[in-house]
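Participant: need a structure here:
(2 chains)
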Amino acid sequence: MNENLNNWEAVIGLEIHVQLSTKSKLFSGASTNFGALPNTQACNIDLAMPGVLPVLNEEVLKMAIKLGTALNADINSPTSFARKNYFYPDSPKGYQISQMDKPIVEGGYLDIETESGTKRIGVTRAHLEEDAGKSLHDDFEGQSGIDLNRAGTPLLEIVSEPEISTPAEAVAYLKSIHSIIRYLAISDGNMAEGSMRCDANVSVRKKGDLELGTRTETKNVNSFRFVEKAIQYEIERQVHEIESGNTITQETRLYDSQNNTTRPMRSKEYANDYRYFPEPDLLPITLEKDFIESVINDMPEMPNEKKERFVSKFSLSNYDADLLAADKDIANYFEEVVKISDSPKLSTNWIMGELSALLNNENLNIKDSKVSSDKLGQLILRIEDATISGKIAKDIFEKMWISGKEVDEIIQDEGLEQVTDDKQIEAMIDEVIKSNPEQLEQYRSGKDRLFGFFVGQVMQASKGKANPKQVNDILKSKLEK
Amino acid sequence: MDLHKLSLKEQLEGLKKSEFTSVELTSHYLKRISKHDEKFNSFITVTEENALMQAKAADERYKKDKSLPLDGVPIAHKDIFCTKGVRTTCGSKMLSNFEAPYSSTVYTKLDEHGMVMLGKTNMDEFAMGSSNETSYFGPVSNPWDTEYVPGGSSGGSASCVSAELAPIATATDTGGSIRQPASLCGLTGIKPTYGRVSRYGMIAFASSLDQGGVVARSAEDAALILEGMSGHDPKDSTSLKLPSPDLTKNLKDSIQGMKIGLPKEFFEQDMPSYVEQSIQEAIETYKSLGAEIVEVSLKNINLSLPIYYIIAPAECSANLSRYDGVRYGYRCEDPKDIEDLYMRTREEGFGAEVKRRILIGTYALSAGFYDAYYLKAQKCRQLVANDFTNAFESVDVILSPTTPGTAFKAGEKSDDPTEMYLQDIFTIPANLAGLPGISIPCGEHGGLPLGMQLVGNSLQEDKLLQFAHSYQSNTDWHKKMPNI
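Facilitator: From the prediction side, this is the model:
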């Protein structure tokens, strides 16, 4: 597959399923906890016993209103449910309760950062629906098992406009949605556990063509990286097919992450005609203005608002502010550090640099950081007030990480306080000059590069504690003599 | 003593006064069932042991002076209401061995009122039919003449009350399934306003039309029990957020000066002269009781049958998808794969009428047909409802025959679905509009009873019962019982 991709452009739309973190299911009182023994969290309603009826968990309305507001979308009132009919063993009713004509969220957008700047992606709609159970094909010889624990778990399906052009944009959009749902605390967004799932609609066309190509829908893409790879694969596959004189079939495909390919699903695995009709067991829901407003008033500051505040209040770059604001926990940590250190730029560098390296090393979330925001703030404060140098600070930080001690305690115990006394520094410099007469001779005869040698010697003599700026100034004047 | 000759209200009073015990009353009915029901097949399951246990408990409560509102009175439940620990078949092979792990709200409420369940009554499969001939458990016969059908789908409930094998029975009505068998068996059958009685645990046929009610021997008996089974249920989202209505308070009030509407569209239709005559006599009776007769127009009423036969099958096509052989109920032998499991389970587990309606409904909802059928039917349904709203601006109730005639012979219409569907031509409109309707006996022809229907405005069950009681206080049609 080495066609000249430059002649082609992709048209991508994403359908993101977000599992809402309610305690109980969308239409029943059963628990939604992940990982329980099969069928222990499926009540009569989830099992679709004869005669049972759905009752809406109203918590999901609040969650959907928050998401809709964060996506700059309209909240539909009344909003109504519909039945989507298809037979599959893990769909116990033989239909899924979803939304068709009046989705709760409609017509929004999301701004994402791309290589060429900010891009606006339209959000067509977001609707509530229930999740299916799981079919277990490998556990029973010659038979399939059904686990209905997940059946009825609330989902919000967020459908984008086909306005995404590259795999990287798709990931940026997905990450942005991820960030929003985490901020709103409406889902844990855990892609590995399936709390956030992504289907990608992809088509390609020759650059400049107005007509859309035939699209495929790729399902089962369960990480940010796989979304990028699956879409890239699908673009290349489609271009290859077309350039080889074949046509694209409109079909649903499954992503195979092990081989990084997509393959068509068997036609049995999906139905063509879902025969949607309004769910007669649930009346349309009217959302009162007051209710919507009270939910909106209850919303936290969103990533984009936070980013703008970081730029204006802390004079951070767009890039830094975006990175910090994308994760609510990181953003909170950052603000706590700044409160103590009063140095936004240095705090950003430390969080994105040293801290994030150690967190990654140990696969820790920032919430579980072994150096609290208070302690990191103190450390940065000591750099700012010149008690320690940046280099020493890095050593101290590692010691703090391991021991859990305060920065001042380590400085005191190990005598790491920076030497800022001119007299002490002069004495050290004099000693160094005296012990290196040859280098002094060469320097004075024009070999400027040796200045660095002298700085190094002085720093070594001070065990790194001498204030580098003072060393520079004093050394220069002494060498010139 | 012929305890079964007492009205339900008299039975309740007798129990309260310790004239007899619930065990005596219950045993009396159980004996009648075992002696006579072979002829009628009105029960699918008789819960003798359980009934005697409940009766004993009721007697205990009476002794301790801690009795419940309907304590110790027997009742038969249509086999569409889930009852924990007792099989609930819905008249289908699909659920022939199904024991629900929970009880319906209707059963629970009446149980909490102290009522004793005699058993589960026969019905058309999944409540689809007007003759009780589609039941997997065999047809039910009409106690007035066993060669005739009792009507359906609540044929077992009507048959057993008419044969006095139970003083009263629950029933359900999607297009006439309470009122039509009540008419054909000489009983009082009431379908309340949609949302009055919880549908939780009542196996769904067509969710937007289904409504539970009762078949009884009088309006007074019906009022007592309907009151006990009504009321808001948080487990049913379509349940009205209203407390159970007081249906006995105004029961005996005069109807002097109230208005009865006669829809001219109904009376323009050809109907047998005996039907016309019975209805005319009923109208005269009402006039003599001080009611005013007004002609009204329900101009879209002729659309009712076609609307119904789009919406009901559409909803049932989805409601019945859960019977797939995976989790409970009938499963075919040795399925090859999942496809084969679905196909053969449903092919073997459902009867012809159920399959016919699933097919119609699936077709009506298919891509390309949805707008022309389902969506149009919903719009027309609103027109029918509007007609009623307009009519009720000028009248209190609307009177018509309940059925086009008396009961027909078994087998007479079972090969002609469209002829069978016409049975519900007078009853369906009330379901479409969600309005309460009652059928009360008002005549006979050839030894078979005939009923008239009163439809009331939304939530006016009390007024319907008042009209019915007023009529029954001045006529004897409801007192006639078949010789069995």
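Participant: switch to C-alpha atoms for all contacts and neighbour counts from now on
Facilitator: Noted.
Participant: which residues are in contact with the top strand by length along chain A?
Facilitator: In chain A, assigned by DSSP state E, the strand with the most residues is strand A:117-130. With C-alpha atoms under 8 Å, 6 or more residues apart in numbering or on different chains as the test, strand A:117-130 has contacts from A:26, A:64, A:68, A:71, A:73, A:96-100, A:103-113, A:151-161, A:163-164, A:173.
Participant: gap between that strand and the chain center?
Facilitator: In this view, strand A:117-130 has its centroid 16 Å away from the chain centroid, taken as C-alpha atoms, centre = their mean, to the nearest Å.
Participant: what lines up beside that strand in the sheet?
Facilitator: Strand pairing for strand A:117-130, determined by DSSP bridges: strand A:105-114 (antiparallel), strand A:154-160 (antiparallel).
Participant: A:S477 - how many residues pack around it?
Facilitator: By other C-alpha atoms under 10 Å in any protein chain shown, the residues close to A:S477 number 9.
Participant: how about A:L381?
Facilitator: Once other C-alpha under 10 Å is used to define contacts, A:L381 is seen to have 22 neighbours.
Participant: contacts only, for the residue nearest to it when sequence neighbours are not counted.
Facilitator: Spatial nearest neighbour of A:L381, excluding adjacent residues (C-alpha to C-alpha, 6 or more residues apart in numbering or on different chains): A:S341 at 4.7 Å. The contact partners of A:S341, taken as C-alpha under 8 Å, 6+ apart, are A:347, A:377-381, A:384.
Participant: how many neighbouring residues does the closest residue to B:T134 other than its chain neighbours have?
Facilitator: Nearest residue to B:T134 in three dimensions, chain neighbours excluded: B:D124, at 4.9 Å (C-alpha to C-alpha, 6+ apart). B:D124 is surrounded by 32 other residues when neighbours are defined as other C-alpha under 10 Å.
Participant: now the strands: where do they sit in the chain?
Facilitator: All of this is about chain A. A:8-19, A:74-75, A:82-85, A:95-98, A:105-114, A:117-130, A:134-136, A:145-147, A:154-160, A:196-206, A:216-221, A:252-256, A:261-264, A:277-278.
Participant: my question was about chain B
Facilitator: Listed in chain order, the strands found in chain B under DSSP E are B:43-46, B:74-78, B:116-121, B:169-173, B:188-191, B:211-216, B:259-263, B:292-296, B:397-401, B:437-445, B:448-456.
Participant: now for the third one, which elements pack on it?
Facilitator: Applying 3 or more C-alpha pairs under 8 Å, 6 or more residues apart in numbering or on different chains; DSSP states H and E, one finds that strand B:116-121 makes contact with helix B:22-40, strand B:43-46, helix B:48-63, strand B:74-78, helix B:155-162.
Participant: who touches the third one?
Facilitator: So the one you mean is helix B:48-63. Taking contacts as C-alpha under 8 Å, 6+ apart, the residues outside helix B:48-63 that touch it are B:16, B:21-23, B:26-27, B:30, B:67-68, B:71-72, B:114-119.
Participant: the second one now?
Facilitator: The contact list for strand B:43-46 (C-alpha under 8 Å, 6+ apart) reads B:37, B:79, B:87, B:91, B:118-122, B:137, B:156, B:160.
Participant: so the nearest residue to A:F81 once chain neighbours are set aside versus chain B, what's the distance?
Facilitator: The shortest distance from A:F81 to any residue that is not its chain neighbour, by C-alpha to C-alpha, 6+ apart, is 4.5 Å, and that residue is A:Q99. Relative to chain B, A:Q99 is positioned 16 Å away (criterion: C-alpha to the nearest C-alpha, to the nearest Å).
Participant: what number of residues are in the vicinity of residue 237?
Facilitator: Went with chain A since none was named. 18.
Participant: let's do chain B instead
Facilitator: B:S237, neighbours per other C-alpha under 10 Å, totals 21.
Participant: how confident is the prediction for it, by pLDDT?
Facilitator: With respect to pLDDT, B:S237 has a value of 98.
Participant: residues contacting it?
Facilitator: Neighbouring residues of B:S237 by C-alpha under 8 Å, 6+ apart: A:53-55, A:281-283.
Participant: who wins for neighbours among the residues you listed?
Facilitator: When neighbours are taken as other C-alpha under 10 Å, the top entry among those is A:L53 (26 neighbours).
Participant: so it touches B:D236, yeah?
Facilitator: Yes: the pair A:L53 and B:D236 qualifies as a contact (C-alpha atoms under 8 Å) at a distance of 6.1 Å.
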